[in-house]
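[1] Fold the stuff below for me.
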Amino acid sequence: MTRTFHIKTIQKPTCLTAIRPGPLDDLSRRESPANSRFTSGVKASTGAFTLIELLVVIAIIAILAAILLPVLQRAQARSKMIYDLNNFKQLQLCWHMYVLDNNDYLPPNFGNITSGALSNSWVVGNAQTDYTTANIEAGMLYQYNQNARIYQCPANTVTVTITGTPPPPYHHGQQVPQTRTCEIDFALGGNTSGGPGASPYTITYNGFPTFNSYQKFSQIPATQVAQKIVFVDVSQADLDEGAFGLFPLAPAYQNTANDWWNLPCNRHNNGSVFSFADGHCEYWKWHGSVVNSAANQQGASPGSPGESFTADSSDDLPRTEGGGAQYP
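    Numbers count the residues shown, from 1 in each chain. Sure, this is the predicted structure:
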């Protein structure tokens, strides 16, 4: 029996990539289009931002900055206010320690000491011209806390221009930060020119009725100790020596002298800080326009004696005078 064989011819492919797609072409040794991520005429997909995406991100950042910056500024202002409250707390402790060491007498608070020649006051010098802490160190409270920075408000940006021929490292025309921004209510030891035990202990000002003051801590009525103002953060206009003038809260003054003898500051978001005879400190927000006036805060001539400001109808002045002296 005869068998017939059929032979099938297998042709060799003309292109290897036709049956074996792979990363490399045998002929060109180049990357095969079958595995390439690139297509002719189309931009490469590299994960970069497009212009529109970039503009959107920038817009979002700008919006967040507009929201967060005011919050950060308020937080910074609040931190300075808290720092100032801490300074006043330290000063109030010094004030109390002096009272305990001196048989209940208050530290003298002269309103006319502008040099170190007479050093028997809680502080000497003039904050408008002092460019060193020498006059603070000459005061009678410095011994209880020898850190002169507690006398200075951290929110104060006013500087003192040095005149004359100062000792090194200072020079004529140099501007340095003010060394002190606080004063003590004039009714606390402000009229003891005769020394401890001197009498009568009264205060007169510009012909207005005489009012009583305090020479010893025990003279402050027990019911008013928590309201009696001691340290005041003072405006640029009235900052000079160590005494802050304040009328009593009484009809005799409300009817004839409805003005600020001296003016507190508004450095802390239209507010100021105070310390009180019982040892606590407070932040007060001003409600009227007089204390918050930039012109009043700066004053026509900062540190000028007798500069006063007519009060408005807000509760700012009576609230402050409520912490002043006794009358009669």
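
[2] Low-confidence ranges, this structure, go.
    Within the chain, the stretches with pLDDT under 70 are 1-47, 111-119, 190-201, 304-306.

[3] now residue 310: how far from residue 293?
    Note on residue 310: its distance to residue 293, by C-beta to C-beta, to the nearest Å, is 11 Å. In short, each C-beta sits where N, CA and C put it, glycine included.

[4] which residue ranges form the helices in the stretch 201-328 of the chain?
    251-254, 294-298, 316-321 (DSSP state H, counting those that start in this stretch).

[5] Out of the ones you listed, which one sits most buried?
    Comparing the helices of the stretch 201-328 of the chain by mean neighbour count (mean count of other C-beta atoms under 10 Å), helix 316-321 comes out on top with a mean of 20.

[6] returning to what we had before: closest to residue 148 out of the helices of the stretch 201-328 of the chain?
    Residue 148 lies closest to helix 294-298 among the helices of the stretch 201-328 of the chain, at 23.7 Å (C-beta to C-beta).

[7] Alpha carbons of the closest one, as PDB, please.
    Listed next in PDB are the C-alpha coordinates belonging to helix 294-298 (Å, rounded to 0.1, in the frame of the first residue of the first chain):
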ATOM      1  CA  ALA A 294      -4.700 108.100  68.200                       C
ATOM      2  CA  ALA A 295      -4.200 111.900  68.600                       C
ATOM      3  CA  ASN A 296      -4.900 111.700  72.300                       C
ATOM      4  CA  GLN A 297      -2.600 108.700  72.800                       C
ATOM      5  CA  GLN A 298       0.300 110.500  71.000                       C
END
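
[8] of the helices of the stretch 201-328 of the chain, which approaches residue 74 most closely?
    Using C-beta to C-beta, these put helix 294-298 closest to residue 74, at 19.6 Å.

[9] about what we covered before: including distance to residue 209, could the helices of the stretch 201-328 of the chain go into CSV?
    CSV is the format used below for these (distance: least, C-beta to C-beta, whole Å):
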stretch, distance to residue 209
helix 251-254, 5
helix 294-298, 25
helix 316-321, 14
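
[10] For residue 327, find the nearest of the ones you listed.
    helix 251-254 (6.7 Å).

[11] What lies in contact with that closest one?
    Contacts with helix 251-254, where a contact means C-beta atoms under 8 Å, 6 or more residues apart in numbering, come from 208-209, 211, 247, 318, 321, 327.

[12] And those residues, which of them are buried?
    The neighbour count (16 or more other C-beta atoms under 10 Å) marks 209, 211, 247, 321, 327 as buried among these.

[13] Longest helix of the protein, counting residues only.
    helix 51-101 (DSSP state H).

[14] Which secondary structure elements does that helix sit against?
    strand 182-185, strand 229-233, strand 271-276, strand 281-285 (3 or more C-beta pairs under 8 Å, 6 or more residues apart in numbering; DSSP states H and E).

[15] For these, give me JSON lines that also has mean neighbour count and distance to residue 66.
    What follows is those, written out as JSON lines (neighbours: other C-beta atoms under 10 Å; distance: least, C-beta to C-beta, whole Å):
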{"stretch": "strand 182-185", "mean neighbour count": "26", "distance to residue 66": "36"}
{"stretch": "strand 229-233", "mean neighbour count": "26", "distance to residue 66": "32"}
{"stretch": "strand 271-276", "mean neighbour count": "23", "distance to residue 66": "25"}
{"stretch": "strand 281-285", "mean neighbour count": "16", "distance to residue 66": "26"}
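
[16] Next up, the contacts around residue 271.
    Contacts of residue 271 by C-beta under 8 Å, 6+ apart are 81, 283-286.

[17] Look up how far residue 252 lies from it.
    29 Å.

[18] do the same with residue 171
    From residue 171 to residue 252 the distance is 51 Å (C-beta to C-beta).

[19] got it, and residue 57?
    67 Å.

[20] What are the phi and psi values at residue 50?
    phi -80, psi 170 (degrees, to the nearest 10).
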